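[1] the amino acid sequence is not available; the structure is as follows:
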């Protein structure tokens with residue numbers, strides 16, 4: 001007899017330790033953990049797309065050069081505004 005646990009030896013009737021179903025149970029919990037991590041990753045990614053957390057589009061380097069030339073005094077204000085308008089399209 002199994003010392004007060006019934007006709008089989010051990011508390012779980014030799015089905016495994018504690019939670020027991022052996023490898024099937026372990027694979028189930030690993031798959032559940034992977035699914036939870038994937039869900040959290042997907043939710044964070046989709047929330048970031050809707051909250052404006054994406055990087056703004058990169059400006060043209062032409063505008064950067066134009067601003068630098070204007071700041072150094074190489075071109076005047078009218079020329080700066082005209083070239084900026086031409087670059088912007």
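    Yep, that arrived. Just so it is clear, the structure is predicted and the values come from calculations on it, not from any experiment.
[2] show me the helices in this structure, by range?
    Per DSSP state H, the chain carries helices over the ranges 23-50, 61-72, 77-88.
[3] can I get the ones you listed in CSV including mean neighbour count and mean pLDDT?
    (C-beta placed from N, C-alpha, C; glycine too.) Shown next, in CSV, are the helices of the chain (neighbours: other CB atoms under 10 Å; pLDDT from 0 to 100):
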stretch, mean neighbour count, mean pLDDT
helix 23-50, 10, 86
helix 61-72, 12, 90
helix 77-88, 12, 91
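[4] can you pull the contacts of residue 70?
    Residue 70 makes contact with 77, 80, according to CB atoms under 8 Å, 6 or more residues apart in numbering.
[5] how near is it to residue 89?
    19 Å (CB to CB, to the nearest Å).
[6] check residue 73 too.
    According to CB to CB, residue 73 stands 26 Å off from residue 89.
[7] looking at those two, which is more packed in?
    Neighbours around residue 73 and residue 89, counted as other CB atoms under 10 Å, are more numerous at residue 73. The numbers are 7 against 4.
[8] check what pLDDT the more buried one gets.
    Per-residue confidence (pLDDT) for residue 73: 93.
[9] okay, now the domains of the protein?
    What the record gives for the chain is the domain set 1-54, 56-89, from automatic domain parsing.
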